[in-house]
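J.: Need coordinates for the following:
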Amino acid sequence: MIPAGIIFDLDGTLLDSMPHWEHLGEDYLRHQQIEPEPGLNEILRSLSLLQAADYFRNRYGIQKSAKTILEEIRMQIADFYQRQAKLKPQADTFVRKIRAMGIPCCLATATEFSLAQAALERTGILSLFQGILTCTQVGSGKENPEIFHAARAVLKTPQQQTLVFEDALHAILTAKRAGYPVAAISDKTSARDEIEIRKVSDYYFKSFSEAEELFCIQY
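T.: Take a look at the predicted model:
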């Protein structure tokens, strides 16, 4: 299949950024000279950032307001996207080749617009995208298909020929149920769902090099 357009997720798909989110709480505590407890990631997994801030105050006795802790965490996140986040291997090459074939691309992400834009600009691929759509902009997360519809509207491509690249099972399920073909990209943080992801997706790739081979992409 040579798609008419492609909608890319950012974190875990184009960016190798999910480990940062997995260890965000631990990193924050260590910046405060506090050693995190074993299993902290699992404790924080179901909490919002504000709830995590309250947990840090109550569990670790941090003498700051939840608002201050939240702002420091957000600054930590911003620094990561602006200065550290790296593309997955061959992601740059894959997107460039797709664009060289005349296939338009749009980004659909839960990450804040300014952070997604900063990461794409720093990694040199911002100009390859016709737009950046965020869950905040469309008013819902990827448990609903609105962000995919909005991205397709930017691309102006037929739905059944608009390929969605994702790594997370919940987003893959949403896109498939909405009628989009889906290409899943392997990521360490979604490994626990690999069997189901393979079952649901139209394509499953361990890397962008595999994706190039399937689409027979050439300059």
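J.: wait, doesn't residue 161 sit right on residue 6?
T.: No: using C-beta atoms under 8 Å, residue 161 makes no contact with residue 6, being 10.0 Å away. Any C-beta I mention is one placed from the backbone N, CA and C, and that applies to glycine too.
J.: Please, which helix or strand holds the closest residue to residue 80 other than its chain neighbours?
T.: Distances taken as C-beta to C-beta, 6 or more residues apart in numbering put residue 20 closest to residue 80, at 5.3 Å, once the chain neighbours are dropped. Element membership of residue 20 [criterion: DSSP states H and E] is helix 18-22.
J.: In the helix or strand just after that helix, which residues are buried?
T.: Following helix 18-22 in sequence order, the next helix or strand is helix 24-31 (DSSP H and E). Of the residues in helix 24-31, 24-26, 28-29 count as buried by neighbour count, 16 or more other C-beta atoms under 10 Å.
J.: Check stretch 184-192 too.
T.: Neighbour counts using 16+ other C-beta under 10 Å place 184-187, 190 of stretch 184-192 among the buried residues.
J.: same check, this time on stretch 133-148
T.: Across stretch 133-148, burial judged by 16+ other C-beta under 10 Å covers 133-135, 138, 142, 145-148.
J.: Can I get the helix holding residue 20 in CSV? Just the C-alpha atoms.
T.: In CSV, the C-alpha atoms belonging to helix 18-22 read as follows (Å, rounded to 0.1, in the frame of the first residue of the first chain):
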residue,chain,number,x,y,z
MET,A,18,8.5,7.3,26.3
PRO,A,19,11.3,6.3,28.7
HIS,A,20,11.5,9.9,29.7
TRP,A,21,7.8,9.8,30.7
GLU,A,22,8.2,6.5,32.4
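J.: can you give me the mean pLDDT across that helix?
T.: When pLDDT is averaged over helix 18-22, the result is 83.
J.: Return the set of buried residues in it.
T.: Buried residues in helix 18-22 (16+ other C-beta under 10 Å): 18, 20-21.
J.: what's it packed up against?
T.: The contact analysis (3 or more C-beta pairs under 8 Å, 6 or more residues apart in numbering; DSSP states H and E) places helix 18-22 against no helix or strand.
J.: contacts for it?
T.: 11-12, 27, 41, 80, 84-85, 167, 187-190 (C-beta atoms under 8 Å, 6 or more residues apart in numbering).
J.: and which of these is nearest to residue 69?
T.: Using C-beta to C-beta, residue 27 comes nearest to residue 69 of the contacts of helix 18-22, at 13.2 Å.
J.: Enumerate every residue touching that closest one.
T.: Listed by C-beta under 8 Å, 6+ apart, the contact partners of residue 27 are 20, 76.
J.: just the CA coordinates of stretch 38-49, formatted as CSV?
T.: Taking Å, rounded to 0.1, in the frame of the first residue of the first chain, the C-alpha atoms of stretch 38-49 are listed here in CSV:
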residue,chain,number,x,y,z
PRO,A,38,11.0,1.1,44.5
GLY,A,39,8.0,0.8,42.3
LEU,A,40,7.3,4.5,42.1
ASN,A,41,6.6,4.4,38.3
GLU,A,42,3.7,2.0,38.9
ILE,A,43,2.3,4.2,41.6
LEU,A,44,2.4,7.3,39.4
ARG,A,45,1.1,5.6,36.3
SER,A,46,-2.6,6.2,37.1
LEU,A,47,-2.1,9.7,38.6
SER,A,48,-2.3,13.1,36.9
LEU,A,49,0.6,15.4,37.2
